[in-house]
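In: structure for the following, please:
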Amino acid sequence: QVQLVESGGGLVQAGGSLRLSCAASGRTLSSYAMGWLRQAPGKERELVAHITWSGGSTHYADAVKGRFTISRDNAKNTVYLQMDSLKPEDTAVYYCAAVGGYYSGRVSEYEFWGQGTQVTVSS
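Out: Residues are numbered from 1 along each chain as shown. Presented below is the predicted three-dimensional model:
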């Protein structure tokens with residue numbers, strides 16, 4: 001198993017930036033593809049960005065394309081989400097998650113989850 005801990009959330013004004021980090025322990029992160037997901041109040045959890053185990057391929061939700069960047073440093077067992085040009089609609093709890101097996105793009109396929117970090121964007 002892998003344990004995931006997110007950090008870097010907070011309150012930021014619209015147009016600002018935040019960088020989220022997800023530190024892994026228990027197993028090497030290079031064994032897993034990783035995702036950042038978010039859940040706003042009253043809404044379902046949604047995928048924000050996904051990165052393959054090597055970092056060679058990434059995928060973004062349409063709502064964040066061009067503004068968010070997912071990256072990973074397997075040597076540091078850490079995954080990042082750089083969020084720029086933040087909007088009030090980006091307000092949510094952000095989770096990092098890991099999948100070690102088959103992944104077809106479904107949120108339910110992620111096997112391990114962090115506890116989440118709150119991101120609040122004020123207008």
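In: okay, CA-based contacts and neighbour counts for the rest of this
Out: OK.
In: give me the beta-bridge partners of the residue nearest to the spatial centre of the chain?
Out: The chain has Trp36 as the residue nearest its centroid, 1.9 Å off, counting by C-alpha atoms, centre = their mean. Beta bridges link Trp36 to Ala49, Cys96, judged by DSSP bridges.
In: all strands for the chain, in order.
Out: Remark: strands assigned in the chain by DSSP state E are 3-7, 10-13, 18-25, 33-39, 46-51, 58-60, 68-73, 78-83, 92-99, 112-113, 117-122.
In: still on that earlier bit, go ahead and confirm the residue nearest to the centre of the chain touches Thr58.
Out: No. Counting by C-alpha atoms under 8 Å, Trp36 stays clear of Thr58, with 11.2 Å between them.
In: quick revisit: please convert the strands of the chain to TSV, extending it with distance to Arg106.
Out: Formatted as TSV, the strands of the chain follow (distance: least, C-alpha to C-alpha, whole Å):
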stretch	distance to Arg106
strand 3-7	19
strand 10-13	27
strand 18-25	20
strand 33-39	11
strand 46-51	8
strand 58-60	12
strand 68-73	18
strand 78-83	19
strand 92-99	11
strand 112-113	14
strand 117-122	21
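In: nearest to Gly105, out of those?
Out: strand 46-51 (8.4 Å; C-alpha to C-alpha).
In: orientation of the closest one relative to strand 68-73 in degrees?
Out: 40 degrees (axes from the mean of the first three to the mean of the last three C-alpha atoms, to 10 degrees).
In: so what touches strand 46-51?
Out: The contact list for strand 46-51, computed with C-alpha atoms under 8 Å, 6 or more residues apart in numbering, reads 33-39, 57-61, 64, 69-72, 107.
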